[in-house]
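J.: model the structure of this input:
(chains A and B, ligands or ions: 2)
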Amino acid sequence: MTLVRTKIGRRAFIRNTGLAGGGLVLGFNWLASCKMTPEQVKSLPKEWFELNGFLKVADNGLVTIMSPNPEIGQNVKTAMPMIIAEELDVAWKDVIVEQAPLNTTIFSRQLAGGSQSIRQGWESLRMAGATARHMLKEAAAQAWQVPFSEITTKEGQLMHEASGKSAGFGEMASAATAIEVPEEVELKETNSFSIIGTDTKNVDGQKIVTGKPLFGLDVQREGMLTAMIVHPPAFGMKYKGMNAESVKSMPGIKDVFHFEVYQEDTQKQWSDEGGIPELVAIVGNSTWECMQAKKALEVEWEEGSKLESTAYHEEALSALLAKAPEQPARKDGDVEAAFKKAAKIVESTYSAPYLAHNTMEPMNFFAHVTPEKAELLGPIQTPEFLEQTLVSRLGMPVEKIDVMMTRMGGGFGRRLYGTFAVEAAVISQKMNAPVKLVYTREDDMTQGTYRPAYKVKYKAGLDENGNLIAWHVRGAGTNDDLIFENRFPAGAVDNYLAEKHSLQTNVTTGAWRAPRSNFIAGAEQAFMDEVAEASGKDPIEFRLELFERAINNPVGEPEKNDYNPERYAGVLKLVKEKSNWGTDTGKSRGVSAYYCHNSYVAQVLDLEEGDGMPKVDKVWCAVDCGIVINPLSAKNQVEGGIVDGIGHATYSAMTFKDGKPEQSNFDRYRLIRNMEAPKEIETFFVDNGIDPTGLGEPSLPPIVGALSNALYKATGRRHYSQPFINERPPLVG
Amino acid sequence: MATYTLNINGKKQEVDVDPSTPILWVLRDHLSLVGTKYGCGIAQCGACTIHLDGKATRSCILPVSSIGEQKITTIEGLSENGDHPVQKAWLEVDVPQCGYCQAGQIMTASALLESNPNPSDEEIESAMNGNICRCGTYLRIRKAVKTAAKS
Ligand code: FES
Ligand code: FES
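T.: Ligands and ions are numbered 1, 2, ... in the order given. Okay, here's the model as predicted:
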């Protein structure tokens, strides 16, 4: 065992009885929502004892663990409690998991973003479990009059070998609440884990497959009204006026009004970025009635700023790429001089369109704002920032605002921007009634906050031996400058120049699963293949040589390089071995490797040639994300990222005509479907005992490169602009 | 407004709604059966799939006035205790990620197996092709359908 001071997150370990109170809407509903056998009813606990903000132990030994972070499908609601349960030393079958409400006094970083929940929660979650175990042990030591050090635990049991005494956690729970919170606790050795590292099923699985209310859209309350918004039809347009009277008298409609989401003096958070300042609200008794009124309502809009089209974005990005920015983002050596003496030069430009997030559950939020208090419940990745905005927008002190999270029907970054929850609160305040705001799919897809459009230009120089001597990258994006200048191959090439531009546009953008990496990885790894081919070397060998260089003799200050070349090379070697790289499979193969969100991923992809679009036959994926908490869901995450990456690069695009989105639903916006997904995906994790890092995003970015490289093998042509399906002439056939 | 008596999950239910109301919203807003999901409203994503006399049907474009005597089954009524072979297979394979699309996936899969208890890989893929999963759980969906077919 390792002794660790509990200072991190210590405030979380102070008992907070308030937590068990009225705030817990999702509280013990599970008891009511499932049918119980008489045995189960008998085993219901009579009393719960809260040992700290993360967990409660019942008199019968059941343990309730609060999962602090928002659940968007990344499965932290299973993984985070697993970490607590591990250090508490309780059997997983005795654990009940609940979604914690927003509580900044107890929990830190209640946010889903950047694949950081596990990485940043790791230590405090372990301590939450270990602290409670310590207190239970202390209670037993006092009860049995034996030394603390002689007490052992196993699966919810306390034992004292010498005296033969033993007790369940439940029996000591009451006494444990009186024990002083320890200054220091022991953590388990990572090699003695019994819950972490085991395949554990999704804690909400049963509810999901039986259609229980779980999501924001499922929220229903006594007297609740439904609200919808009407937003400007084009970016650059703003509200002018409307005639709402005839619509107000439509069946079931309560009110139609124009409102300011944010007022001039509202203190906005970064999560309010991209919010449309003025909207029209339609409030009624039911969804369908609101939809009908929305169709009938005529709103007048006027031009507020430039109405941009996709052609304009393309041209403006290209124009930016034609010139050097004032300052390079990073410069090692002298690329110009190196290009002059290079034996071979390779140059290419890659691009990708805007993308919508398209979470399957459209944006929505429940709000009940009265003069006394504000209650908000729904799907949001950034509850803490929402609360701060509401303090300012509603003019209410923070104690009167309750923000609670539901399970989310997908996030992908979209729910970082909680403007929809602010809208719900403002509408509820105006109506003085409980309101559920619902976006239609069309509202959701045309509202903005898109993945930016990107373009990047690469130039590489090789010497006569096929060694990479110069690398120049210049990238640009809409409202985003795209380039991570200190990532690979920075540090592995003597002459390196990274430059970046951002194009200001009024089409709003935001983080989209693996921001920037979701495009730049594919472009870089495709270009890397072009360069490897020009060098006459095997693409994996070519990459490994560069990692060798970065390991043995890095260019620039090594600490500036934002990756560990050994771990990077490690995943590449692993995928090489597992995929039997170099053997002829009769398929078209591509390889790719990338590092983001503190994790390393390398992939090999096989394409089956056929009529039309080649089909992905198999993907081998090697991942180094340190300790894997739940291998089963980790694999699911990796698979999801791979399917997502292949899908968007191949099929999806948001385009604009005079500011108006040309796609507004799944008829024109194409998402990958079952038949188009790979036949097989095999995932391998590096077992190195390093503290865990992110996994919600890292498998997506590189797959676009592997696909692109395999497509080149299959078709003999490079695919420079996404979505690949639009390539002209058509890909195949 | 008009009154309709609907046969839902083996129970007669009366609703008083506009005849054009899609059955999706009747279920969700008027009967609190929120297991059936809204994804697109235009029959493109499959999130709203229910069984109409045993056949997988998109409820988002199906007006309540067109139902008549036909029997509706929703995810809540697929089995009494959540133990339909397809539901069990879904749990065994740990299919869901965010879970939002899965009720629709399960309803499509269970209707497929009802009419074709032993589908080939191609038949599974093509039957499930109308159901979008934004989280990309397609591989496990195929596996779970096969698992359910075996049981
Ligand atoms: S909601 Fe009915 S098919 Fe999408
Ligand atoms: S599991 Fe999230 S949409 Fe399918």
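
J.: residue numbers of chain B in contact with ligand 2?
T.: Proximity of chain B to ligand 2 (CB under 6 Å from any ligand atom) is limited to residues B:Pro96, B:Gln97, B:Cys98, B:Gly99, B:Tyr100, B:Cys101, B:Gln102, B:Cys133, B:Arg134, B:Cys135, B:Thr137. C-betas here are computed from N, CA, C, even on glycine.

J.: among these, which lie within helices?
T.: B:Gln102 (DSSP state H).

J.: JSON lines for the residues of chain B next to ligand 2, including distance to A:Leu297?
T.: Rendered in JSON lines, the data for these read as follows (distance: CB to CB, whole Å):
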{"residue": "B:Pro96", "distance to A:Leu297": "37"}
{"residue": "B:Gln97", "distance to A:Leu297": "36"}
{"residue": "B:Cys98", "distance to A:Leu297": "32"}
{"residue": "B:Gly99", "distance to A:Leu297": "34"}
{"residue": "B:Tyr100", "distance to A:Leu297": "28"}
{"residue": "B:Cys101", "distance to A:Leu297": "30"}
{"residue": "B:Gln102", "distance to A:Leu297": "34"}
{"residue": "B:Cys133", "distance to A:Leu297": "33"}
{"residue": "B:Arg134", "distance to A:Leu297": "29"}
{"residue": "B:Cys135", "distance to A:Leu297": "34"}
{"residue": "B:Thr137", "distance to A:Leu297": "37"}
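
J.: any idea which of the residues of chain B next to ligand 2 is the one closest to A:Ser305?
T.: Sorting the residues of chain B next to ligand 2 by how near they are to A:Ser305, with CB to CB, puts B:Arg134 at the top with 31.3 Å.

J.: what's the closest non-adjacent residue to the closest one?
T.: The shortest distance from B:Arg134 to any residue other than its chain neighbours is 4.6 Å, reached at A:Met360 (CB to CB, 6 or more residues apart in numbering or on different chains).

J.: what's the domain layout of chain B?
T.: Listed by automatic domain parsing, the domain ranges of chain B are B:2-77, B:85-150.

J.: can you tell which of those is closest to A:Arg474?
T.: Ranking those by distance to A:Arg474, with CB to CB as the measure, places domain B:85-150 first at 32.2 Å.

J.: close to ligand 1, is that closest one?
T.: No - Domain B:85-150 lies apart from ligand 1 when judged by CB under 6 Å from any ligand atom; the minimum separation is 7.5 Å.

J.: is ligand 1 contacted by stretch A:212-221?
T.: No - where contact is defined by CB under 6 Å from any ligand atom, no part of stretch A:212-221 touches ligand 1; the two come within 11.5 Å at best.

J.: just give me the neighbour total for residue 120.
T.: By default, I'm working from chain A. By other CB atoms under 10 Å in any protein chain shown, 17 other residues sit near A:Gln120.

J.: not what I meant, chain B
T.: B:Ser120 has 10 neighbouring residues, counting by other CB under 10 Å.

J.: redo the domains of chain B as CSV? Include distance to A:Tyr239 and mean pLDDT.
T.: As requested, those are arranged in CSV below (distance: least, CB to CB, whole Å; pLDDT from 0 to 100):
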stretch, distance to A:Tyr239, mean pLDDT
domain B:2-77, 25, 98
domain B:85-150, 31, 98
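
J.: so which of these is the most packed in?
T.: domain B:85-150 (a mean of 22; mean count of other CB atoms under 10 Å in any protein chain shown).

J.: mind checking the end-to-end distance for that one?
T.: Its start and end residues considered, domain B:85-150 measures 9 Å (CA to CA, to the nearest Å).

J.: so where's chain A shaky on pLDDT?
T.: Low-confidence regions of chain A, defined here as pLDDT under 70, cover residues A:1-43, A:108-109, A:114-115, A:610-612, A:728-733.

J.: which residue lies farthest from the center of it?
T.: Among the C-alpha atoms of chain A, the one most distant from their mean position (CA atoms, centre = their mean) is that of A:Ser163, at 50.4 Å.

J.: return the residues in contact with that residue.
T.: Shown here is A:Ser163, whose contacts under the criterion CB atoms under 8 Å, 6 or more residues apart in numbering or on different chains are A:Trp144, A:Val146.

J.: for A:Glu138, see how far away it is.
T.: Applying CB to CB, to the nearest Å, the value for A:Ser163 to A:Glu138 is 16 Å.

J.: same question, A:Pro692
T.: Here the distance between A:Pro692 and A:Glu138 works out to 29 Å (CB to CB).

J.: and what of B:Ala127?
T.: B:Ala127 is 58 Å from A:Glu138, by CB to CB.

J.: where along the stretch 1-150 of chain A do the helices fall?
T.: Listed in chain order, the helices found in the stretch 1-150 of chain A under DSSP state H, counting those that start in this stretch are A:29-33, A:38-42, A:76-88, A:117-144.

J.: return the most buried member of these.
T.: helix A:76-88 (a mean of 26).

J.: torsion angles phi and psi at A:Lys373?
T.: Dihedral pair for A:Lys373: phi -160, psi 160, per degrees, to the nearest 10.

J.: and the closest residue to A:Trp471 other than its chain neighbours, how many neighbours?
T.: Leaving aside its sequence neighbours, A:Trp471 sits nearest to A:Val493 (CB to CB, 6+ apart; 4.6 Å). For A:Val493, the tally of surrounding residues (other CB under 10 Å) stands at 25.

J.: and for A:Pro383?
T.: Around A:Pro383 sit 25 other residues, with neighbours defined as other CB under 10 Å.

J.: identify the residue nearest it in space, chain neighbours excluded?
T.: In this structure, A:Pro383 finds its nearest non-sequential neighbour in A:Leu102, 4.1 Å apart by CB to CB, 6+ apart.

J.: my guess is that neighbour contacts A:Met404, does it?
T.: Yes - using CB atoms under 8 Å, A:Leu102 makes contact with A:Met404 at a distance of 6.8 Å.

J.: can you tell me the closest non-neighbouring residue to whichever residue of the stretch 101-250 of chain A sits closest to chain B?
T.: For the stretch 101-250 of chain A, the nearest residue to chain B under the criterion CB to the nearest CB is A:Gly211, separated by 2.0 Å. Leaving aside its chain neighbours, A:Gly211 sits nearest to B:Gly35 (2.0 Å; criterion: CB to CB, 6+ apart).

J.: so what's that neighbour up against?
T.: Going by CB under 8 Å, 6+ apart, B:Gly35 touches A:Thr210, A:Gly211, A:Lys212, A:Pro213, B:Thr74, B:Ile75, B:Glu76, B:Ala103.

J.: residues in contact with the residue nearest to A:Ala162 when sequence neighbours are not counted?
T.: Closest residue to A:Ala162 in three dimensions, ignoring its sequence neighbours and counting by CB to CB, 6+ apart: A:Glu150, at 6.3 Å. Contact criterion CB under 8 Å, 6+ apart gives A:Ala141, A:His160, A:Glu161, A:Ala162 as the residues in contact with A:Glu150.
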